[in-house]
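Trainee: Structure of the sequence below:
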Amino acid sequence: MTIALLSIEIHIPMAQSLKDKRMVLRRLKDRLGPFNVAVAEVGHQDLWQRAELGVVTVASSDEVAEKTLRSVLEEVERLEPGLAIRSQVEYLR
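Mentor: Next up, the predicted model:
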């Protein structure tokens, strides 16, 4: 069993308030539901134009976990092109 964490740092230049930021993040979280992952905002909660999301999956192998998280990152880029400025995957054993 593998537990994998994808950290995504996001820049939202069009956000003019925390409400604007939350709308973007809610839309992303809702669209990632079909990937069977857990998603939470884990950093920069008080900043309007920055966010850090943590995405976690549990899989039978590293390869399956990596494929799932790669698909999540591709979906984030498809939904909001250019917002993801950094991403990192960690495996928890």
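Trainee: quick one: contacts of stretch 72-88?
Mentor: 6-12, 24, 27-28, 31-32, 35, 37, 55, 57 (CB atoms under 8 Å, 6 or more residues apart in numbering). No exception for glycine: its C-beta is placed from N, CA and C like everyone else's.
Trainee: ok, which stretches of this structure are strands?
Mentor: 2-11, 38-43, 50-59, 84-92 (DSSP state E).
Trainee: Take those strands and lay them out in JSON lines including distance to Asp20, mean neighbour count and mean pLDDT.
Mentor: JSON lines is the format used below for the strands of the chain (distance: least, CB to CB, whole Å; neighbours: other CB atoms under 10 Å; pLDDT from 0 to 100):
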{"stretch": "strand 2-11", "distance to Asp20": "13", "mean neighbour count": "18", "mean pLDDT": "96"}
{"stretch": "strand 38-43", "distance to Asp20": "14", "mean neighbour count": "15", "mean pLDDT": "94"}
{"stretch": "strand 50-59", "distance to Asp20": "11", "mean neighbour count": "19", "mean pLDDT": "96"}
{"stretch": "strand 84-92", "distance to Asp20": "18", "mean neighbour count": "12", "mean pLDDT": "94"}
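Trainee: Can you name the residues bridging to the nearest residue to Asn36 once chain neighbours are set aside?
Mentor: Computed as CB to CB, 6 or more residues apart in numbering, the closest residue to Asn36 that is not its neighbour in sequence is Thr57, at 7.2 Å. Under DSSP bridges, the beta-bridge partners of Thr57 are Ala4.
Trainee: which residue sits closest to Val39, ignoring its sequence neighbours?
Mentor: Val39's closest residue in space is Lys29 (CB to CB, 6+ apart), at 4.8 Å.
Trainee: what about the one you found, distance to Glu74?
Mentor: Between Lys29 and Glu74 the distance is 16 Å, computed by CB to CB, to the nearest Å.
Trainee: So between these two, which is more surrounded?
Mentor: More crowded of Lys29 and Glu74, by other CB atoms under 10 Å: Lys29, with 16 against 10.
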